[in-house]
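1. Sequence and computational prediction follow.
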Amino acid sequence: MFLTLALLRKGIPGKQWIGKYRRPRLVTWQMKRNMVKHLEREAENEYWLSRPYMTPEQEFGHSAERRALKWQNIKEARFNNFPKHKSVTDHLAHLDISRNWVS
């Protein structure tokens, strides 16, 4: 049945690049070259990622000073945005309306 369909069918039904019976795509030399370049790049990345820059002993705590300084800057920025202290009299000054103006 499939042989008959393949031999007697005039073309690919529907969209020719998608679907179950799609047109097979030809592999060109550019596609091969690009794939080889991609695989070489991936192999080089694997090579460099497999060799760490620092030993585990050097890596342990190497950024503690930088992180402490960064945290200190964040805390200072938060404290600088904090509103100034006010006394209770400042908060309740609008209730003091029974006093008369004395000149």
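-> Cool, the structure landed. Numbering: from 1, shown residues only.
2. From now on I want contacts and neighbour counts done on CA atoms only, so please keep to that.
-> Fine.
3. State the number of residues packed around residue 16.
-> Here the number of neighbours of residue 16 (other CA atoms under 10 Å) works out to 13.
4. wait, isn't it in contact with residue 25?
-> No. Assessed by CA atoms under 8 Å, residue 16 is found out of contact with residue 25, at 10.0 Å.
5. May I ask which helix or strand of the protein has the lowest mean pLDDT?
-> Here the helix or strand of the chain ranked lowest by mean pLDDT, DSSP states H and E is helix 2-8, holding a mean of 69.
6. longest helix in the protein, by residue count?
-> Looking across the chain with DSSP state H, the single longest helix is helix 29-50.
7. Can you list the buried residues in the helix or strand following that one?
-> Proceeding C-terminally, helix 29-50 gives way to helix 56-59 as the next helix or strand, assigned by DSSP states H and E. Neighbour counts over helix 56-59 (16 or more other CA atoms under 10 Å) mark no residue as buried.
8. Only alpha carbons, please: show the next helix or strand after helix 56-59 as PDB.
-> Next helix or strand after helix 56-59 toward the C-terminus (DSSP H and E): helix 64-80. Provided in PDB are the C-alpha atoms of helix 64-80 (Å, rounded to 0.1, in the frame of the first residue of the first chain):
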ATOM      1  CA  ALA A  64      33.600  36.400  51.300                       C
ATOM      2  CA  GLU A  65      35.100  39.900  51.600                       C
ATOM      3  CA  ARG A  66      33.400  41.100  48.400                       C
ATOM      4  CA  ARG A  67      30.000  39.700  49.500                       C
ATOM      5  CA  ALA A  68      30.300  41.200  52.900                       C
ATOM      6  CA  LEU A  69      31.000  44.600  51.400                       C
ATOM      7  CA  LYS A  70      28.100  44.300  49.000                       C
ATOM      8  CA  TRP A  71      25.800  43.300  51.900                       C
ATOM      9  CA  GLN A  72      27.100  46.300  53.900                       C
ATOM     10  CA  ASN A  73      26.200  48.700  51.000                       C
ATOM     11  CA  ILE A  74      22.700  47.200  50.800                       C
ATOM     12  CA  LYS A  75      22.100  47.700  54.500                       C
ATOM     13  CA  GLU A  76      23.400  51.300  54.400                       C
ATOM     14  CA  ALA A  77      21.100  52.000  51.400                       C
ATOM     15  CA  ARG A  78      18.100  50.600  53.300                       C
ATOM     16  CA  PHE A  79      18.900  52.600  56.500                       C
ATOM     17  CA  ASN A  80      19.400  55.800  54.400                       C
END
